[in-house]
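Visitor: Need coordinates for the following:
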Amino acid sequence: MIGDAAPSPNLAAPLEVARRCAAIGLPVVHSDDTGALRRLEWTAADPLGREVLQRLVDSPEFERALAAAARAWAERPAPLAELFPGWRAAILPITERRQRLGHVVALALEPSALEGPAFAALCESASVDPEAARLTLAPAAAYTKAGAAALATLLQDALDDRRELASAERAIEEFSAQLAESYEEINLFYSIGRAMKELVSAEAFMQNLCEQMHETLPYAWVAARFLRTAQASTRLTGRIFRAGESERLNLAGGRDLAEIVARARDFNKPETMVLSLDGAAEALARIIQRDDETVGVLMAGEKQGQDPSVSSVDMKLLDGAARLAEVVIANAGLYEEQQRLFLGTLEALTSAIDAKDPYTCGHSQRVSELSRRLGEAVGLEPAELETLRISGLVHDIGKIGVPERVLLKASRLTDEEFDLIKRHPEIGHRILRDIPLLEGALPGVMHHHERWDGRGYPAGLAEDDIPLIARIIGVADAFDAMSSSRTYRAAMPRQKVLAEIRAGAGKQFDPSLAEAFLDLDLAFYDDMLAEVLRSTGSEAA
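Guide: Below you'll find the model as predicted:
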């Protein structure tokens, strides 16, 4: 950002011209608008000459002459004045906003300037010996009247050129600052846009948004707080996301953020607003809406740097970020609605399959939840857990292609009947393979009856060749099958089921998964069984 330290072209230009005049041996006197506050600037060949001239400039006689010239210039500006006979003064004004602040006076001395009564009076006023002054100043007294006039014209042209150059330099600086701000805006929205494209979850997007905004905006903190409303994504409801810290505000969701949210909601317009908070600097706030309902507020507070005032750029960036957040939230809400509809359809379908046999009622839901819990225990990521849950839900969907006489047979199955049962993973895979949303669940459907020792079906895979999702479902499926009553046997006691799981480690089951399963708290499973008993009014489960 452009600071206030750099002087304006009107101030900087005459000072630069004066510096250059002094550097080439032309004496320069600085004064205020009345001719007072004199200061000599001169790179003299003889230091003694500079000392003598400084004493002359400091004298009352010179002060009166310069003040008279300043008054005359104020009434009728002219590039050249004569202070004493032979003392030509090229006057360069210092102005700002049409106000005259002072002058830079370049002294062009003629040889006659060092002779006559006026020079003697000046030396007497300065308590300087005329002969000594004449000897030391003689090298500088080399101008003619015409030369002094030409010098004044050249200096005025140099001043005009320098002012134009200074204006151009300042414009370039301002343009560069604007360009840098524009780059920051573009980079910010590019980063946010890329996060939208690579979106994993609405929560991850909002945290990333706050962090990106905090890196770009000069504010101590950026935060987003979501209300408890049905219109927002359920994963965002009541959540707070933030980047940065504040010593004056409670960013963890206390009274301070709640006050900002309440005042922003009262504003109730999708525009950035500036709030003044007690004990803290100004804060920006912009409501986030979905379907014209306020679902949250995006905020930034405690601006850092030399300028504590909120800028239009800050407001524009916060507004743009809130608009992107609204798009993501709307999409996340629609996605969740589609997911609920999709999963509801799957649950209805699997429940219909389970209902073919009253003894397997709720089997798919129990295997799904057991699989998810086991996956969580071994450290799977949230997205993997969701895929595992869905795969567990549909793992037996292929039984829709198995004759009911085989599924419900109370006696031992023949080899041919068992072959029909063994086909259900492949049937399920064929049913589901053309549904894009179930692509990740297919390995669990196809291979949940494989065994760690390679004696399973349908592909005879062994150990790590069996997909992890299928190995997990295999443990959960076997546990529920042994824990539930069937037409051909009663449910096994819990301790015996767990003993079978332990004995099957390294044979039927992945040993690490079997060990993790044995450590699970199965209270949730017992609750699910009890719910089946209540809903069916039987002891089938």
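
Visitor: what residue ranges in this protein score low on pLDDT?
Guide: With pLDDT under 70 as the threshold, the chain has low-confidence stretches at 1-10, 174-200, 229-234, 252-256, 277-281, 351-361, 408, 410, 486-489, 535-541.

Visitor: Please parse it into its domains.
Guide: Residue ranges for the domains of the chain, per automatic domain parsing: 9-170, 199-332, 355-536.

Visitor: which one of those domains lies closest to Glu347?
Guide: Closest to Glu347 of the domains of the chain, according to CB to CB: domain 355-536, at 6.6 Å. From N, CA and C alone the C-beta is placed, and that goes for glycine too.

Visitor: picking up where we left off before, out of the domains of the chain, which is closest to Leu341?
Guide: Nearest to Leu341 among the domains of the chain is domain 355-536 (11.1 Å), distances taken as CB to CB.

Visitor: now that closest one: how far from the chain's centre is it?
Guide: Its chain's average C-alpha position is 45 Å from that of domain 355-536, according to CA atoms, centre = their mean, to the nearest Å.

Visitor: Let me know the secondary structure of the most centrally placed residue in the chain.
Guide: When the chain is reduced to its mean C-alpha position, the nearest residue by CA atoms, centre = their mean turns out to be Gln212, at 1.4 Å. Assigned by DSSP: H, G, I helix; E, B strand; the rest coil, the conformation of Gln212 is helix.

Visitor: when you give positions from now on, start the count at 414
Guide: Will do, 414 is the new start, and the previous item becomes Gln625.

Visitor: Now do the same contact list for Glu782.
Guide: Neighbouring residues of Glu782 by CB atoms under 8 Å, 6 or more residues apart in numbering: Arg802, Gly805, Phe937, Tyr938, Met941.

Visitor: which element is the spatially closest residue to Cys623 that is not a sequence neighbour on?
Guide: What sits nearest to Cys623 in space, not counting adjacent residues and going by CB to CB, 6 or more residues apart in numbering, is Ala656, at 4.2 Å. Ala656 is located in strand 653-657, with elements delineated by DSSP states H and E.

Visitor: Lys835: neighbour count?
Guide: By other CB atoms under 10 Å, the residues close to Lys835 number 14.

Visitor: Run through the residues that contact it.
Guide: His862, Tyr870, Pro871.

Visitor: Apply 10 Å and report the result again.
Guide: Under the criterion of CB atoms under 10 Å, 6 or more residues apart in numbering, the contact list for Lys835 reads Val815, His862, Gly869, Tyr870, Pro871.

Visitor: May I have the phi/psi pair for it?
Guide: Torsion angles at Lys835 (phi, psi; degrees, to the nearest 10) stand at phi -70, psi -10.

Visitor: Return the distance of Glu876 relative to Trp865.
Guide: If you measure Glu876 against Trp865 using CB to CB, to the nearest Å, the figure is 6 Å.

Visitor: next one: Asp893
Guide: Distance, Asp893 to Trp865, using CB to CB: 19 Å.

Visitor: Equivalent analysis for Thr685, please.
Guide: If you measure Thr685 against Trp865 using CB to CB, the figure is 59 Å.

Visitor: so is Gly714 in a helix, a strand, or just coil?
Guide: Gly714 is classified as strand under three-state DSSP.

Visitor: Give the burial count for the closest residue to it other than its chain neighbours, as a bare number.
Guide: Distance criterion CB to CB, 6+ apart; nearest residue to Gly714, sequence neighbours excluded, is Ala696 at 3.6 Å. By the other CB under 10 Å criterion, the neighbourhood of Ala696 contains 28 residues.

Visitor: Specify the beta-bridge partners of Ala696.
Guide: Beta-bridge pairing of Ala696, defined through DSSP bridges, involves Leu688, Gly714.

Visitor: That one against Leu664, yeah?
Guide: No - Ala696 sits out of contact with Leu664 when judged by CB atoms under 10 Å, with a separation of 11.5 Å.

Visitor: Just the strands from this protein, written as ranges.
Guide: Chain-ordered strands for the chain, with DSSP state E as the definition, fall at 441-445, 452-454, 493-497, 500-509, 512-522, 632-639, 653-657, 686-688, 696-703, 706-716.

Visitor: Out of those strands, flag the one nearest Glu797.
Guide: Nearest to Glu797, of all those, is strand 653-657, at 23.4 Å by CB to CB.

Visitor: now for that closest one, which elements pack on it?
Guide: Other helices and strands packing on strand 653-657, by 3 or more CB pairs under 10 Å, 6 or more residues apart in numbering; DSSP states H and E, are helix 615-629, strand 632-639, helix 668-680, strand 706-716.

Visitor: can you rerun that using 7 Å?
Guide: Other helices and strands packing on strand 653-657, by 3 or more CB pairs under 7 Å, 6 or more residues apart in numbering; DSSP states H and E, are helix 615-629, strand 632-639.

Visitor: Ok, which of those comes nearest Pro552?
Guide: For the helices and strands packed on strand 653-657, the distance to Pro552 is smallest for helix 615-629, at 60.3 Å, taking CB to CB.

Visitor: Please save the CA atoms from that closest one in PDB.
Guide: The C-alpha trace of helix 615-629 is given here as PDB (Å, rounded to 0.1, in the frame of the first residue of the first chain):
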ATOM      1  CA  ALA A 615     -17.800 -28.000   3.200                       C
ATOM      2  CA  GLU A 616     -16.000 -27.900   6.500                       C
ATOM      3  CA  ALA A 617     -12.600 -28.200   4.800                       C
ATOM      4  CA  PHE A 618     -13.500 -25.500   2.300                       C
ATOM      5  CA  MET A 619     -14.600 -23.100   5.100                       C
ATOM      6  CA  GLN A 620     -11.400 -23.600   7.100                       C
ATOM      7  CA  ASN A 621      -9.300 -23.200   4.000                       C
ATOM      8  CA  LEU A 622     -11.300 -20.000   3.100                       C
ATOM      9  CA  CYS A 623     -10.600 -18.400   6.500                       C
ATOM     10  CA  GLU A 624      -6.900 -19.300   6.200                       C
ATOM     11  CA  GLN A 625      -6.600 -17.900   2.700                       C
ATOM     12  CA  MET A 626      -8.400 -14.700   3.700                       C
ATOM     13  CA  HIS A 627      -6.200 -14.300   6.700                       C
ATOM     14  CA  GLU A 628      -3.000 -14.600   4.600                       C
ATOM     15  CA  THR A 629      -4.300 -12.000   2.100                       C
END
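
Visitor: coming back round to it: can you add distance to Ile885 and give the helices and strands packed on strand 653-657 back as CSV?
Guide: Output for the helices and strands packed on strand 653-657, formatted as CSV (distance: least, CB to CB, whole Å):
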stretch, distance to Ile885
helix 615-629, 25
strand 632-639, 33
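
Visitor: Buried deepest among the ones you listed, which one?
Guide: Mean neighbour count (mean count of other CB atoms under 10 Å) peaks for strand 632-639 among the helices and strands packed on strand 653-657, with a mean of 24.

Visitor: Do you have the helices of the stretch 514-663 of the chain handy? List them.
Guide: When assigned using DSSP state H, counting those that start in this stretch, the helices of the stretch 514-663 of the chain occupy the ranges 529-539, 543-550, 558-610, 615-629.

Visitor: Please read the previous query as pertaining to the stretch 764-913 of the chain.
Guide: Secondary structure of the stretch 764-913 of the chain (DSSP H, counting those that start in this stretch): helices at 776-790, 795-807, 817-820, 828-834, 837-845, 855-860, 881-896, 907-917.

Visitor: Any idea how far stretch 697-709 is from the middle of the chain?
Guide: Once both centres are worked out by CA atoms, centre = their mean, stretch 697-709 turns out to sit 19 Å from its chain's centre.

Visitor: List of residues touching that stretch?
Guide: 637-640, 642, 644-645, 673, 677-678, 681, 683-688, 710-713, 723, 727-728, 731-732, 735, 738-739, 742-743, 746 (CB atoms under 7 Å, 6 or more residues apart in numbering).

Visitor: how does it look with 8 Å?
Guide: 632, 637-640, 642, 644-645, 649, 673-674, 676-678, 680-688, 710-714, 723, 727-728, 731-732, 735, 738-739, 742-743, 746.

Visitor: likewise stretch 908-922?
Guide: When contacts are defined by CB under 8 Å, 6+ apart, stretch 908-922 is touched by residues 864-866, 869, 884, 887-888, 891-892, 895-896, 905, 924, 927-928, 930-931.
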